[in-house]
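**Q** model the structure of this input:
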Amino acid sequence: MQNTRRYERYKANLIGINGRIILAKFVKIIDISIGGLSLQTEKRLNIGNEYTLKIDSKEKVFTVKGIVVWSVLNNSIKDSKGNIVPLYTAGIKFTNVSGEKINEITDFMQTYKRDIDHKVNLFSPSGRRLYVRIHVTTPENGVLNCHEDYKVKILSLGGMLIESSHPLEVESTLPMEIIFPEYKSILFQGRVAACLQKKVKDLLHYDIGIDFVNMTEKDKEILHEIIRLLKTTNDSSRAR
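**A** Have a look, this model is predicted:
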């Protein structure tokens, strides 16, 4: 049978190539304190993982980083197509909070606390901020930047086959990153061409086909360099 593939494909596991899927999910903030917040999202957040949350308030946009300390499935809704969409609630503890960041969080709390909480003082008599948890009046929308790791199994100039613990929606386009040995990496837009569930020794994973749809010339040069390395490595492996 004639090979109709446009690009030659190479096994990537011989040199160990990994990557990240850069996900951005809209979330709804339930309550917040100087030390952390709880939120609702359609994505299950992994306990112990660190995420970046961009909060878009009426006054300004600011970002905070935090580690997930708990995460539970507590509700579900139907989308426009009638599909059941799970809703998760998670608690996040802020990390590496600077004085400036504390001021931004405090201003947000002062602006959005409920009427019933307007008498709650966020400061002690000495002027120190208190770790008071405030329920926001109309939960503000935020964007949660999530990184999902994956392993590259096959790589070509046009795309790749990856192994991930989470499925991706076919035909969706996502910002992605490939991390090569020697700390080189490339950023690009990847289109999900296929997503197949696999089971190995009772462990589920997904083989996902990705097409490269948008990549800078600089990153293309790095990809060409890695492909040349993979060609040499694959040829050497077959010659043994």
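**Q** got any ranges where the protein has weak pLDDT?
**A** Residues of the chain that meet the criterion pLDDT under 70 lie in 1-5, 57-59, 79-81, 113-141, 183, 236-240.
**Q** just the strands in it please.
**A** For the chain, applying DSSP state E gives strands covering 10-11, 18-32, 36-41, 50-56, 61-78, 84-94, 134-135, 141-155, 159-164, 173-179, 185-200, 203-215.
**Q** which of the ones you listed sits closest to Met109?
**A** Evaluated with Cβ to Cβ, the strands of the chain place strand 134-135 nearest to Met109, the distance being 4.8 Å. Backbone N, C-alpha and C define where each C-beta goes, glycine included.
**Q** which helix in the protein runs the most residues?
**A** With secondary structure taken from DSSP state H, the chain has its longest helix at helix 217-239.
**Q** buried residues in it, which are they?
**A** Residues of helix 217-239 classed as buried: Asp219, Ile222, Leu223, Ile226, Ile227, Leu230, Asn234 (neighbour count, 16 or more other Cβ atoms under 10 Å).
**Q** test my guess that Leu229 contacts Ile15.
**A** Yes: the criterion here is Cβ atoms under 8 Å, and Leu229 meets it with Ile15 at 6.8 Å.
**Q** domains for this structure, by residue range?
**A** Following automatic domain parsing, one gets these domains for the chain: 10-21+147-239, 24-144.
**Q** quick revisit: now the strands of the chain as TSV including mean neighbour count?
**A** Listed next are the strands of the chain as TSV, based on neighbours: other Cβ atoms under 10 Å:
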stretch	mean neighbour count
strand 10-11	18
strand 18-32	18
strand 36-41	20
strand 50-56	17
strand 61-78	14
strand 84-94	17
strand 134-135	17
strand 141-155	18
strand 159-164	21
strand 173-179	18
strand 185-200	15
strand 203-215	17
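**Q** relative to Glu104, which of these is closest?
**A** Of all these, strand 61-78 sits nearest to Glu104, with 4.5 Å by Cβ to Cβ.
**Q** now do the closest one: which elements does it pack against?
**A** strand 36-41, strand 50-56, strand 84-94, helix 99-112 (3 or more Cβ pairs under 8 Å, 6 or more residues apart in numbering; DSSP states H and E).
**Q** tell me what angle it forms with strand 50-56.
**A** 100 degrees (axes from the mean of the first three to the mean of the last three Cα atoms, to 10 degrees).
**Q** list the strands paired with strand 61-78, with their directions.
**A** Paired neighbours of strand 61-78 in the sheet (DSSP bridges): strand 50-56 (antiparallel), strand 84-94 (antiparallel).
**Q** dump the ones you listed to a markdown table, plus distance to Val27.
**A** Formatted as a markdown table, the strands paired with strand 61-78 follow (distance: least, Cβ to Cβ, whole Å):
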| stretch | distance to Val27 |
| --- | --- |
| strand 50-56 | 7 |
| strand 84-94 | 9 |
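**Q** the ones you listed: which one's closest to Lys151?
**A** Comparing the strands paired with strand 61-78 by Cβ to Cβ, strand 50-56 comes nearest, at 20.5 Å.
**Q** run through the bridge partners of the residue nearest the centre of the chain.
**A** The chain has Cys146 as the residue nearest its centroid, 1.8 Å off, counting by Cα atoms, centre = their mean. Using DSSP bridges, the bridge partners assigned to Cys146 are Leu23.
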